[in-house]
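**Q** Could you look at this predicted model? Sequence included:
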Amino acid sequence: MAKKTVFVFILIFFSTAMLFAGGEHLTIKVAVVGPGTPLYFWWGHIALVIEDSNTGRSYFYDYGIFSLDNDYFFQNFALGRLLFTSGVSSTERNIEVYRLTNRSLVFYTLNLPPETRLKVQELANYDMLPENRDYWYHHFDNNCSTRIIEIIDFATDGQFREYFDNIPSRFTLRQHVRRHTWFSPAVDWALNFWMGQGIDRPITVWDDMFLPSEVGKRIQEFEFTDVNGVRRRLVESEDSIQVIIESTGLPEVLEIPRRQWPMNFAFSLVMSAVLGFFFYLHSKNIRIGRIFAGIGISFFGFVFGVAALMLYFMNIFTDHDYTYQNFNMIFATPLLLAAVPLGICFASTKNLKKLIIYDRLIRLTWLLTVVGILILTLLRLFPSCPIEDIGIFQQNLPDKLLMLPIALLFTFQPVGLCQSLRKCCICKKSA
């Protein structure tokens, strides 16, 4: 830590010494890093590169540093209170790291006048000071990418934000997230299930740039008037773009997010058909049918129940504000976890009276899900109840269609209850 602090002060010393050089010796670049394999790398990365021709050195200003070894990292992460830090190091060293981890890397040289380059260097060095380098991370509002666009906005005297903050985005935040998660259906569903309707609001192109790739796209098209009154392109030409590394074998980032609900709905229908077959076997007094039906009840109770429990936890106890105002909480509740022991008891009991009790409790547990989904659906269908007026506009159709067929089956399947009642009546008459 002491070495890093000394390193930063040396940088400040040299930048001060070169003050009268006017900044001609500096080259300012934006480094856009592509997605990586771990989940926390799926959305890419970005940094500022400053090259000094007087010293022959290139510095990599990284605003997205975290360590899994930090004290209470996972606890803070769970509570939505993740402290990130910033650091400066050799550009060559970072290039080698990204090459070894198979991540693409593109440099965009910014067409800034010399005096502005010097100011950018001073600001970047100021950000690296021990008292300034730490910040509370937010996935959409305060991350490595938002830090870089604030520097670009500083370099263009506010013109960068003024321009892009007035252009509507082509997507919502949810759609941007799904462009990067499409290849992993389970993660794709879970993340979108947990995130509330706040990420479904209309946003601007400025908001898009929480993603590094969007920054790379927008700086290529931006023009501004510099401090000398000269009109410039921020990235002057194709020659100002350097492809340093091309990754191989990683899923592409979609230009347009695909529809998620057809796949979710089809999966749910297939699972319902399989489980329905087990209930049919149960109706024919084939014990293996009831065993597998009970396992299915427990399995989906566990999956949806744990997801609901985490959703409630994040809403009530954490600072993950993008999970707030989540109307999935109406039909997906931690009560679904009750289906886990009920399904096991349903599969294993040999007592007909207990079987009827378990069956009824299972139906009631899943009926709450069915009713919740129907309420939200009706609110959207009736024109007399404008959805925006009551504040419900969450794009959660994939979540509802994944859970509805399965919940309907567990709620209204007739074979288990009818057969149990019939057997119970026969036993009573025999007695």
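**A** Okay, I see it. Numbers count the residues shown, from 1 in each chain.
**Q** Angles on the backbone of the residue lying closest to residue 325 once chain neighbours are set aside, please.
**A** Once flanking residues are discounted, residue 325 sits nearest to residue 196: 4.4 Å by C-beta to C-beta, 6 or more residues apart in numbering. C-beta: built from backbone N, CA, C; applies to glycine. When read as degrees, to the nearest 10, the backbone of residue 196 gives phi -90, psi -170.
**Q** Now do the contacts for residue 196.
**A** Residue 196 makes contact with 315, 322, 323, 324, 325, 326, 327, 394 under the criterion C-beta atoms under 8 Å, 6 or more residues apart in numbering.
**Q** Need the buried ones from these selected in ChimeraX.
**A** Selecting only the buried entries of those in ChimeraX, with 16 or more other C-beta atoms under 10 Å as the criterion:
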select :315,322,323,325,326,327,394
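**Q** quick one: low-confidence ranges for this structure?
**A** Confidence mapping of the chain against pLDDT under 70 gives the ranges 1-21, 67-71, 382-391, 414-431.
**Q** OK, contacts around residue 307?
**A** Taking C-beta under 8 Å, 6+ apart, one finds 190, 193, 194, 332 in contact with residue 307.
**Q** mind listing the strands in this protein by residue range?
**A** Along the chain, counting by DSSP state E, strands occupy 26-33, 45-52, 57-65, 83-90, 105-109, 135-136, 223-225, 231-233, 241-245.
**Q** Need the residues that contact the shortest one.
**A** Judged by C-beta under 8 Å, 6+ apart, the contacts made with strand 135-136 from elsewhere in the structure are 81, 82, 83, 84, 85, 86, 142, 147.
**Q** Same list (those residues) but as TSV, adding neighbour count and distance to residue 399.
**A** Output for the contacts of strand 135-136, formatted as TSV (neighbours: other C-beta atoms under 10 Å; distance: C-beta to C-beta, whole Å):
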residue	neighbour count	distance to residue 399
81	14	27
82	18	26
83	14	31
84	19	30
85	18	35
86	21	37
142	16	27
147	20	33
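**Q** and which of those is nearest residue 155?
**A** Closest approach to residue 155 among the contacts of strand 135-136 (C-beta to C-beta): residue 147, at 13.2 Å.
**Q** Out of the strands of the chain, which is closest to residue 181?
**A** Of all the strands of the chain, strand 45-52 sits nearest to residue 181, with 16.5 Å by C-beta to C-beta.
**Q** That closest one pairs with which strands?
**A** strand 26-33 (antiparallel), strand 57-65 (antiparallel) (DSSP bridges).
**Q** need these in a markdown table with mean neighbour count and distance to residue 302, can you?
**A** Shown next, in a markdown table, are those (neighbours: other C-beta atoms under 10 Å; distance: least, C-beta to C-beta, whole Å):
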| stretch | mean neighbour count | distance to residue 302 |
| --- | --- | --- |
| strand 26-33 | 23 | 37 |
| strand 57-65 | 20 | 35 |
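**Q** wait, which of those strands is closest to residue 103?
**A** Taking those one by one with C-beta to C-beta, strand 26-33 is closest: 5.4 Å.
**Q** Now do the closest one: everything it contacts.
**A** For strand 26-33, contacts defined as C-beta under 8 Å, 6+ apart pick out 44-53, 60, 91, 94, 98, 103-110, 112, 114, 117-118, 120-121, 148, 152, 155, 212-213, 215-216, 219, 244.
**Q** Please pick the buried ones from these.
**A** 44-52, 60, 91, 94, 98, 103-110, 112, 117-118, 120-121, 148, 152, 155, 212-213, 215-216, 219, 244.
**Q** gap between the closest residue to residue 163 other than its chain neighbours and residue 168?
**A** Sequence neighbours aside, residue 222 is the residue nearest to residue 163 in space, at 6.7 Å (criterion: C-beta to C-beta, 6+ apart). In this view, residue 222 and residue 168 are 17 Å apart by C-beta to C-beta, to the nearest Å.
**Q** what does residue 189 give?
**A** Distance of residue 189 to residue 168, given as C-beta to C-beta: 28 Å.
**Q** Run a quick neighbour tally on residue 158.
**A** Each residue near residue 158 was counted by other C-beta atoms under 10 Å, and the total is 11.
**Q** I'd guessed the residue nearest to residue 163 sits against residue 162; true?
**A** No: with contact defined as C-beta atoms under 8 Å, residue 222 does not reach residue 162; the gap is 11.0 Å.
**Q** Tell me which of those two has more neighbours.
**A** Using other C-beta under 10 Å, the more surrounded residue of residue 222 and residue 162 is residue 222, with 16 against 13.
**Q** burial of residue 249, as a residue count?
**A** Around residue 249 there are 6 residues (other C-beta under 10 Å).
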